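Asker: fold the following for me, if possible:
(4 chains)
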Number of protein chains: 2
Amino acid sequence: MANRKKKPTLDRRSNCPVACVLDLVGDKWTLLVVRDLALGVTHFEEFLDSPEKIATNILSDRLKRLQAAGYITKETEPADKRKSIYTFTERGKELKTLMGLLARWGLKNIPNTSAEHPEL
Amino acid sequence: MANRKKKPTLDRRSNCPVACVLDLVGDKWTLLVVRDLALGVTHFEEFLDSPEKIATNILSDRLKRLQAAGYITKETEPADKRKSIYTFTERGKELKTLMGLLARWGLKNIPNTSAEHPEL
DNA sequence: CGGCTTTCATTGCATTTTGCAAGGTATCAT
DNA sequence: ATGATACCTTGCAAAATGCAATGAAAGCCG
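Answerer: Predicted structure coming up:
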């Protein structure tokens, strides 16, 4: 085991916390999926109903990523095995707080934004 | 002037504050530019020194966007007209707080992140 | 069973964005 | 005048996105 550096979580652009957060959620869709999850959405089809109209391939990809990163789990609903149920892991619940921070910043700083769901 | 609706800030995906924030900074680079500005970077070349190694065309584009959106200004340095100085507008300073929120969330929730500049 | 619907996901293809290297212009230094 | 510096653009390959269409597995219902 000569050159086994200790797996430094590579393909990171840097160890700057800002850069790492952007590597995780720095795109136009991931946090919208998080928003919907926070609002109680659990099924694939429900995400498609949100007003931003995410495409199915993007949604599929983002759910996979979030799952791979350990922020959500995917389970088959026992009563109907066609359905999958997506939910936050404990760790994933922190994403809700992140999304909430963004939401509050947006409400304060971007004109004409409105919170459909003030509880966030 | 019949059909001059009042320019409803279109090309928005929705009026959800999360979606609007993502329309502004939902990419891998914009907030890194904001970070550098917050750290005192003012010249084009300095942004290129950051460890994430942004490409010149992307940097040029992001500076333009931030300027177009009224968050930063671009001025020519009087003493050396080759140089441009990029600085936050009053409104742009709010981007620092947004970036700071992300940074703190990342430090707390993403392993092996380190703050080079704890003042943020 | 046999056909039809629902749910989740993939595929193909056009468009857009990114990444990288090279080139270009204006300004400055000697 | 020559060369270096600062900012930006261009060209082109690679990747991500948007979209419509297609699958596959599971359920529903005669």
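
Asker: next, the residue in chain A that DNA strand D sits nearest to: phi, psi?
Answerer: Ranked by C-beta to the nearest atom of the strand, the top residue of chain A for proximity to DNA strand D is residue A:81, at 3.3 Å. Any C-beta I mention is one placed from the backbone N, CA and C, and that applies to glycine too. Per-residue torsions, residue A:81: phi -70, psi 0 (degrees, to the nearest 10).

Asker: do you know how far it is from residue A:43?
Answerer: Separation of residue A:81 from residue A:43 (C-beta to C-beta, to the nearest Å): 13 Å.

Asker: and residue A:79, by the same measure?
Answerer: According to C-beta to C-beta, residue A:79 and residue A:43 sit 12 Å apart.

Asker: the two: which has the busier surroundings?
Answerer: Per other C-beta atoms under 10 Å in any protein chain shown, whichever of residue A:79 and residue A:43 has more neighbours is residue A:43, with 15 against 6.

Asker: my read is that that one contacts residue A:87, right?
Answerer: No: using C-beta atoms under 8 Å, residue A:43 makes no contact with residue A:87, being 10.9 Å away.

Asker: hang on, the earlier thing: what's the neighbour count on the residue of chain A closest to DNA strand D?
Answerer: 8.

Asker: ok, it - contacts?
Answerer: Shown in contact with residue A:81 (C-beta atoms under 8 Å, 6 or more residues apart in numbering or on different chains): no residues.

Asker: okay but residue A:101 is in contact with residue B:105, surely?
Answerer: Yes: using C-beta under 8 Å, residue A:101 makes contact with residue B:105 at a distance of 6.9 Å.

Asker: leaving out chain neighbours, which residue sits closest to whichever residue of chain A sits closest to DNA strand C?
Answerer: Across chain A, no residue is closer to DNA strand C than residue A:44, which sits at 3.2 Å (C-beta to the nearest atom of the strand). The shortest distance from residue A:44 to any non-neighbouring residue, by C-beta to C-beta, 6 or more residues apart in numbering or on different chains, is to residue A:84 (6.4 Å).

Asker: same thing with residue A:66?
Answerer: In this structure, residue A:66 finds its nearest non-sequential neighbour in residue A:72, 4.6 Å apart by C-beta to C-beta, 6+ apart.
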